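Novice: my questions concern the predicted model and sequence given below.
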Amino acid sequence: MILYLIVNSPPHSALSALPVSSSLSRDPALTSPRVCWSGVDLSPARTMASRAALLLCASVVLAAAACTEARDFVVGGADHGWKVPVQPDALNLWSSINRFQIGDNLVFKFDGAADSVLEVTREDYNRCSTASPVAAHHAGAGIVTVPLPRSGPYYFVSGAPGSCGKGERVVVVVLSEKHSRMRHRGFFAPAPAPAESPLAAGLIEGPAAAPAPATGAAGRRAAAGSGALLLGAAVLGAVLVGW
């Protein structure tokens, strides 16, 4: 394989020391040195174009990894579900340590023969009123999936008599699209803080409670998504260092 080096006014002594062919010529289309390896154009212009294309492709891949698909959140966590909690505000504590986005789903698991899920207004939530629900979800199998198509708060109470007053109710706050984009801005942006509790945000009435650590499959999926994003950034960094 013969390496052709075409340079501007090279010193005669330097050329005589290189193992190159005698057919050295100047490329009239370029003013900078041009290197060809086995017929492949490695000129600076071609190299810069290749780098730009690679960076564009890497950016698209990282953006796609950052924008995760819709997630399913089991209300109350996989170990508890939709039932009267031990602590009255346990379901809202679970809600406050998760970050919900437009397109996610809530999965309610409960005793379908004795309970149901009612979406209500803020006023009915605070009064534990089930007389005029916004939507009622019943399931003989005991599993109901409720989509979250918009940003803002959603209010849910139990349809079983007396259960709402014992703490079987929850407020879920969905982030706006703007907050979702800001979450993925920058490869190494700091992790977002847990969502503000419904009580602190003024969405519900009641005593405050101490926060609890995140649990459940949703937390593991969020960690996996962050790991994939960091891995993609590391690969991109390795490519850039190699160049």
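Specialist: Ah, there it is. A quick note: this is a predicted structure, and the numbers were derived from the prediction, not measured.
Novice: and stretch 81-93, what's buried?
Specialist: 81-85, 88-93 (16 or more other CB atoms under 10 Å). Yep, even glycine has a C-beta here, placed from its N, CA and C like the rest.
Novice: what would the residues you listed look like in JSON lines with pLDDT?
Specialist: Shown next, in JSON lines, are the buried residues of stretch 81-93 (pLDDT from 0 to 100):
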{"residue": "G81", "pLDDT": "95"}
{"residue": "W82", "pLDDT": "98"}
{"residue": "K83", "pLDDT": "97"}
{"residue": "V84", "pLDDT": "97"}
{"residue": "P85", "pLDDT": "97"}
{"residue": "P88", "pLDDT": "94"}
{"residue": "D89", "pLDDT": "95"}
{"residue": "A90", "pLDDT": "97"}
{"residue": "L91", "pLDDT": "98"}
{"residue": "N92", "pLDDT": "98"}
{"residue": "L93", "pLDDT": "97"}
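Novice: distance to T121 for those residues - can I get that in CSV?
Specialist: Converted to CSV, the buried residues of stretch 81-93 look like this (distance: CB to CB, whole Å):
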residue, distance to T121
G81, 24
W82, 19
K83, 23
V84, 22
P85, 22
P88, 21
D89, 20
A90, 22
L91, 18
N92, 17
L93, 22
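Novice: of these, closest to G112?
Specialist: W82 (10.5 Å; CB to CB).
Novice: ok, that closest one to S151 distance?
Specialist: 23 Å (CB to CB, to the nearest Å).
Novice: just V157 next, same as before
Specialist: On the measure of CB to CB, V157 and S151 end up 21 Å apart.
Novice: so these two - more neighbours on which side?
Specialist: Just comparing V157 and S151: by other CB atoms under 10 Å the higher neighbour count belongs to V157, 23 against 16.
Novice: Three-state assignment for the more buried one, please.
Specialist: Assigned with DSSP: H, G, I helix; E, B strand; the rest coil, V157 falls in the strand class.
Novice: who's in contact with it?
Specialist: Counting by CB atoms under 8 Å, 6 or more residues apart in numbering, V157 makes contact with 118, 120, 124-125, 128, 130, 164, 168-169.
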